[in-house]
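Predicted model and sequence below, questions to follow.
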Amino acid sequence: MDRKKNITKGVVISLLLIATPFLFYLYKFAPSDAKQWDTIFGTVEAGNFKSVQSFIHALFTKITFVFLTAIWLLTSKNWWRYAILVPFTMFLFQLSGIINFHLQYIDEYDFWYSLPFISPIIFFIIYLTYRISNVDNHQSEELNEDASYEIKKMFSDDL
């Protein structure tokens with residue numbers, strides 16, 4: 001039963017990943033010369049963008065990156081998976097900058113506002129790297145054996 005659940009989860013994640021390139025092309029459905037677009041979901045306004053099509057392109061580009069890094073973060077089982085929070089945080093702030101129409105310089109806003117969130121993560125990862133590199137030889141040999149075992153298990157046919 002557990003194997004069936006893992007296969008189902010893997011298929012769903014795979015289908016979501018396969019569908020992500022299509023998010024990049026959703027902007028082609030938006031009018032390229034309009035500042036406002038009425039859809040069945042509501043009215044989409046271009047804000048400071050040249051057209052609704054430019055806005056939709058920027059919006060879905062950031063949504064795609066947020067989506068992909070979120071999947072990576074949630075499915076990764078490595079000890080360094082929290083490093084994925086750095087680009088994830090950047091993409092979230094960039095997405096919020098696109099949604100906020102009043103910003104003129106989106107990327108500048110994103111960097112400075114996300115820096116307080118990213119800095120502790122970077123320092124934590126540097127600290128972990130320092131602690132791991134200063135482990136005595138016996139523990140590092142044990143860690144190396146565990147890593148080798150995991151690699152062999154990963155490439156074996158037993159799931």
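Nice, thanks for sending it over. Numbers count the residues shown, from 1 in each chain.

so residue 56 touches residue 30, yeah?
Yes - in this structure residue 56 lies within contact range of residue 30 using C-beta atoms under 8 Å: 4.5 Å. All C-beta atoms are positioned from the backbone trio N, CA, C, and that covers glycine.

what do these two both touch?
Shared contacts of residue 56 and residue 30, defined by C-beta atoms under 8 Å, 6 or more residues apart in numbering, are found at residue 44.

how about low-confidence regions in this protein?
1, 101-112, 114, 125-126, 128-140, 157-159 (pLDDT under 70).

Helices along that one, start to end?
Using DSSP state H, the helices of the chain run over 2-23, 52-75, 85-99, 106-133, 137-155.

Would you mind giving those as CSV with distance to residue 41 and mean neighbour count added?
What follows is those, written out as CSV (distance: least, C-beta to C-beta, whole Å; neighbours: other C-beta atoms under 10 Å):
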stretch, distance to residue 41, mean neighbour count
helix 2-23, 15, 11
helix 52-75, 12, 18
helix 85-99, 15, 19
helix 106-133, 23, 13
helix 137-155, 42, 10
